[in-house]
Structures are given as C-alpha cells and as structure tokens.
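Participant: sequence first, predicted coordinates after that:
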Amino acid sequence: DQFAKGRNQINGIESFWSFAKARLMKFNGLPSFTFYLHLKESEFRLNYRGQNLYAILLKNAEGETSQLVKAQILSA
C-alpha cells in the first residue's frame, strides 16, 4: 500500500496536524512570520513527547556552545 510505508503514513501525518492544531490554537492567532517556528516547535515536542524536553534542550545547547568555543579558539 502506497500510503503506509514505514513511519511516513497518513495516520502519522494526521496525528501531527491534530497535535499541532491543538497546540497552536492556544495562541489565538500567530504572526505569519513566526508560524514556521511554532510549527517546528510542535514537531520537536511531538517527536520527544514523554521525555524531559529541558534535559534534551540543555544537552543540545551544551553541544552548540562547545562547538562555538572550538570555532573561536581555532579562528584566534
């Protein structure tokens, strides 16, 4: 069946849109220039649901910070 290949199935897409709509409706409207960022946040939250989002973001921030420091050291 062409609509059910791995994780990219119609039910998964419908699940995401249902999650995103419920989340974004809380804002009672968004500026069009921030919609993409809110949509990506919804994607992140759905992909990591049930996990400690703070710990994940902190870990990613630490990795980004160390990469920035290394880049500054190398360019000095």
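Facilitator: Received it, and whenever you're ready, just let me know what you need.
Participant: residues in contact with the longest helix anywhere in the chain: which ones?
Facilitator: As assigned by DSSP state H, the longest helix anywhere in the chain is helix 53-75. Residues outside helix 53-75 that contact it (C-beta atoms under 8 Å, 6 or more residues apart in numbering) are Phe44, Arg45, Tyr48. In this view, the C-beta of every residue, glycine as well, is placed from N, C-alpha and C.
Participant: make CSV from the residues you listed and add pLDDT and secondary structure to it.
Facilitator: Shown next, in CSV, are those (pLDDT from 0 to 100; DSSP: H, G, I helix; E, B strand; the rest coil):
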residue, pLDDT, secondary structure
Phe44, 92, helix
Arg45, 92, helix
Tyr48, 91, coil
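Participant: of these, buried ones?
Facilitator: Neighbour-count burial (16 or more other C-beta atoms under 10 Å) is assigned to none of the contacts of helix 53-75.
Participant: need those residues in JSON lines (columns: distance to Leu24).
Facilitator: Below are those laid out as JSON lines (distance: C-beta to C-beta, whole Å):
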{"residue": "Phe44", "distance to Leu24": "14"}
{"residue": "Arg45", "distance to Leu24": "11"}
{"residue": "Tyr48", "distance to Leu24": "18"}
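Participant: any idea how many residues pack against Thr34?
Facilitator: Thr34: 10 surrounding residues under other C-beta atoms under 10 Å.
Participant: for Leu39, that is, sorry about that
Facilitator: Neighbour count for Leu39, taken as other C-beta under 10 Å: 15.
Participant: where does the residue nearest to it when sequence neighbours are not counted land in three-state SS?
Facilitator: Leaving out its chain neighbours, the residue that sits closest to Leu39 by C-beta to C-beta, 6 or more residues apart in numbering is Ala20, at 6.3 Å. Assigned by DSSP: H, G, I helix; E, B strand; the rest coil, the conformation of Ala20 is helix.
Participant: sweet, I'm off.
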